[in-house]
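Visitor: I'll drop the sequence and a predicted model, then ask my questions.
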Amino acid sequence: MDQSVAIQESLAEGATCRIVSFAAASIRAAERGEGRVPVRVPSPRPVPCPLHPRQPRGSRLSPLFLDPPVKAVQGVLAAGESVESRLLGLVESCGEHAIYVYTHRRMAITAEDVWLEKVIPITEGFAVEEVVLDSDLHVIGSDVTIQISSADDRLMVRLPFGSHTRTFLQEVSRCSPEAVGSEGIKQNGKKLAVSQNRSHDSTDKSAPRQNKLKPEVTTEMVRSSNVMVSNKTSILSEPKFGLRDTIVKSQLVQMEDSYTHIQSFRFFVGTYNVNGQSPRESLQPWLRCDAEPPDIYCVGFQELDLSKEAFFFNDTPKEEEWFKAVTDSLHPDAKYAKVKLVRLVGIMLLLYVKADLALNISEVEIETVGTGIMGRMGNKGGVAIRFKFHNTSVCIVNSHLAAHMEEYERRNQDFKDICSRMQFCKSDPNLPPLTIGKHDVILWLGDLNYRLEELDVAKVKQLVDEKAFLELCQYDQLKRQMNANAVFEGFTEGEISFQPTYKYDAGCDDWDTSEKCRVPAWCDRILWKGQNIAQLSYRSHMALKISDHKPVSSVFDIGVKVVNEDLYRKAFEEIVRSLDKLENANIPSVTLSQREFHFEDVKYMQLQVEKFTIRNGQVPCQFEFISKPDEETYCKEWLIANPSKGFLLSDAEITIELEVFVNKSTATHLNSGEEKLEDILVLHLNRGKDYFLSVTGNYLPSCFGSPIHTLCYMREPIQDMPAESIRKLTLMPLEVSDDAVQAEKPMDIPKELWMMVDHLYRNASQQEDLFQQPGLRSEFEQIRDCLDKGMHDILLGSNHSVAEALLLFLESLPEPVICYRFYSSCLESASNYSLSSQIISNLPGCHKNVFEYLMAFLRELLKNSGKNHLDVNILASIFGGLLLRPPPGHPTPDITEKRKAQQFIHQFLLREDNLP
């Protein structure tokens, strides 16, 4: 959750204050990684504020605008045995800077939820330094403990390793009066150099490789793997790397076989769908079932919390419960450091490492991808932790894919979406983000939800009783899809020698006895990809009984590349000597395989890709697509180059993908002809010349992204209409359309909306999980074409695909069903049905008709809630965010606004009165 609004509202009235960044310190949150902010610790008494002495601390103050946006970083106060929650804000006022320290409620949303406890002015005597506590290694692994001190105060706080912490410490360093020259953040009692004062292309050729005991960071000596836990603070203050450093590191990677050797380490990988339960039984039978303790634990959960609070607001107390249960159940013969925790709704992943190996863990980053309804909801999707272990890059992915026997294609799509959308930022901004596939070792675990097909329940149970698992695997959807190269290409799964892990009656080992009587299946799986990986075991754990799934584990011996320091130095010196000879050789130049690109018949939300290659000459070069004069970005919003920047060694080649994708933010202007698929890309070489690429295309107009009143005047399919007619109707002001000045009377509602709603009313009123389970992208494309071309009277695709298309249609409207100008008044009247009805009656005619039509349809769905499992809160939450959207420029809605939008819609789902 973003507590920026709460901090913003707490600043003094009339002052020109700007929060540069802030860190959130939370009870146990830092130990858990990116957890929620816990319970309020009230401020003992109001005290004067140094920057604003008239304003007592602990009081609510007037809101001010923020520039730039506030980012949150979790951490905990580290003084004494107690662990207390704080928010830390870096505040600028009238040229002065200070760190504001707040106590706060568990979910800080507004100024009423935070209390100013103290202010630490950034003046003479102010310092920030890294400290190493005796307990650090066994508690938080790669997190960093810092001490903030001034002449009158001192504060010790733990912050997680990552980009948010790095940004926060950089900003603190810049604000410090000593942050000139080479002074800045301290590490282990020594000030850390502020890297913006270094020459990015300078190299200290005599600098030794970084030593773990006395870490001194020099950019040219930083391999991609040597950012150890002990020196992470110095890397936090390293915003840029020079071209020369990038080339050195790249060539070191190419030569790593000459200075590394393979050493095996033991990884424990576990996955458990806990069905929303709390940990009422010990996890030891699962997590410590071997005599030898593993070196690394990777523990994943799914369905951690099935509540609507978790689904819609990603907040759950069960994160803490399961984190503690895992920590208490790790192998007793070793001490472990918790490296990171990441969670998306009910999908959680924990990473632990043996304490004595923690110094070899580096470059820890986390990411999440939701693949639920509309491609965003986090009830399905994946979370990942990537890191370097010695010199080997590792990515752990925990995923929960689409449910139900027939949805194997949706599961395949979920996997591909996670792979394409999961991107990890690098510490070197000159390099493109890392994807899952760019790692040496990938371990993929989770409830993948693939089922056993073509067999009935009785036959599956018979084969299980006979332990005929090899025969049963022939009917496993995942095995079949992998054999067809439709999913998990290049991955390996070990032989399955345990009975299916789903579905059981909770509390015992009996197969599902419910009315549905699910066919048993191996939903819970562990796969891997990479070299030097040996699976030692692959098993389920029947002793755990609280869920309808059984946990699964696998133990691996993984060969990791370990650096020989002497050989590394030799390779490094050889590269530096070679670079010296090339330093002044020539101006970089490249050859492009193509410079003109045309994208034919681009459609709404349908990706098109064109590829070309950049081949380098003899001089290593850094390239980047740069913005043209008077433009903020290097390309139009519908276009992206991947990668958009990078570097090339001598004679090297790279493939660039140009992606065209039209979504809700660009479709309206393309429909009207105000915008065309035309752009010029400028490819810039550092110390070299610029190359120009021409991109053109034609867009097929769509009802998606068209205004409601425009569609009401379109009696023909949009793609059958002349471009000029589309342009005039799209640009027609809403107020004009409501005055009925057109020659032809408009339809009450858009025909496209009627087709989707009518299809769902006739075919999906009893459809289980409607509006909660996503459809297939290929079917959405068919539905879109049906609507845009009028090809069929019946929409093609599953009920889930039609339902998702309806949501995407509502999301794409440039003016929402409840017009922007009514947004604030709707929130204010969210608990007053009479006032709310009055607002709806004041909507333009076509918008009012659409709202009433949708409410009537949703009320019909609720009459079948026993079959479709919908309830009024689910529908109000889903449609509240689509029908009632904040106007452009409005801050992103916080939880309070989301709840009010939900409450506004909730009223109309419970009432069938005719609106005035």
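Guide: Okay, I see it. For clarity, every value in this text was computed on a predicted model and none was experimentally measured. Numbering: from 1, shown residues only.
Visitor: secondary structure class of the residue nearest in space to the middle of the chain, three-state.
Guide: With distances taken as C-alpha atoms, centre = their mean, residue 368 lies nearest the centre of the chain, 3.6 Å away. Under the three-state scheme (DSSP: H, G, I helix; E, B strand; the rest coil), residue 368 adopts strand.
Visitor: residue ranges of each domain in the protein, please.
Guide: 14-25+68-175, 262-563, 590-699, 747-910 (the TED database).
Visitor: among these, which is nearest residue 575?
Guide: Checking these against residue 575 by C-beta to C-beta gives domain 590-699 as the closest, at 10.6 Å. No exception for glycine: its C-beta is placed from N, CA and C like everyone else's.
Visitor: endpoints of the closest one, how far apart?
Guide: 32 Å (C-alpha to C-alpha, to the nearest Å).
Visitor: doesn't residue 619 belong to a helix?
Guide: No - counting by three-state DSSP, residue 619 is not part of a helix but coil.
Visitor: remind me which residues of the stretch 651-800 of the chain are low pLDDT?
Guide: 736-743, 792 (pLDDT under 70).
Visitor: which stretches of it form helices?
Guide: Under the criterion DSSP state H, counting those that start in this stretch, the stretch 651-800 of the chain contains helices at 664-672, 708-712, 723-731, 734-738, 751-763, 777-789, 799-812.
Visitor: reformat the ones you listed as CSV; add mean neighbour count and distance to residue 568.
Guide: Listed next are these as CSV, based on neighbours: other C-beta atoms under 10 Å; distance: least, C-beta to C-beta, whole Å:
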stretch, mean neighbour count, distance to residue 568
helix 664-672, 20, 48
helix 708-712, 25, 64
helix 723-731, 16, 62
helix 734-738, 15, 66
helix 751-763, 18, 61
helix 777-789, 20, 46
helix 799-812, 23, 52
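Visitor: quick one: closest of those helices to residue 683.
Guide: helix 664-672 (22.9 Å).
Visitor: now that closest one against helix 723-731, angle please.
Guide: 130 degrees (axes from the mean of the first three to the mean of the last three C-alpha atoms, to 10 degrees).
Visitor: so helix 664-672 versus helix 799-812, what angle?
Guide: Using the same axes, to 10 degrees: helix 664-672 against helix 799-812 is 80 degrees.
Visitor: can I get helix 664-672 in CSV? Just the C-alpha atoms.
Guide: The C-alpha coordinates for helix 664-672 follow below in CSV (Å, rounded to 0.1, in the frame of the first residue of the first chain):
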residue,chain,number,x,y,z
LYS,A,664,-7.3,2.3,-23.9
SER,A,665,-4.9,5.2,-23.6
THR,A,666,-4.3,5.5,-27.3
ALA,A,667,-7.3,3.9,-29.0
THR,A,668,-9.6,6.9,-28.9
HIS,A,669,-7.2,9.3,-30.7
LEU,A,670,-6.5,6.6,-33.3
ASN,A,671,-10.2,6.0,-33.9
SER,A,672,-10.8,9.8,-34.4
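Visitor: how about residues contacting it?
Guide: Under the criterion C-beta atoms under 8 Å, 6 or more residues apart in numbering, residues 604, 636-638, 662, 675-677, 699, 701-702, 704-707, 718, 726-727, 730-731, 811-812, 814 lie in contact with helix 664-672.
Visitor: so which of those residues are in strands?
Guide: residue 699 (DSSP state E).
Visitor: so for the residue nearest to the centre of the chain, what's the pLDDT?
Guide: On pLDDT, residue 368 comes in at 94.
Visitor: how close does it sit to residue 316?
Guide: 14 Å (C-beta to C-beta, to the nearest Å).
Visitor: repeat for residue 400
Guide: 15 Å.
Visitor: who has more neighbours out of these two?
Guide: Neighbours per residue (other C-beta atoms under 10 Å) separate residue 400 from residue 316, with residue 400 holding more: 30 against 23.
Visitor: around the residue nearest to residue 663 when sequence neighbours are not counted, how many other residues sit close by?
Guide: Distances taken as C-beta to C-beta, 6 or more residues apart in numbering place residue 605 nearest to residue 663, at 5.9 Å, with adjacent residues excluded. Using other C-beta under 10 Å, residue 605 has 19 neighbouring residues.
Visitor: for residue 605, what are phi and psi?
Guide: phi 50, psi 40 (degrees, to the nearest 10).
Visitor: report the contact partners of it.
Guide: Contacts of residue 605 (C-beta under 8 Å, 6+ apart): 661, 662, 663, 704, 780, 781, 784, 808.
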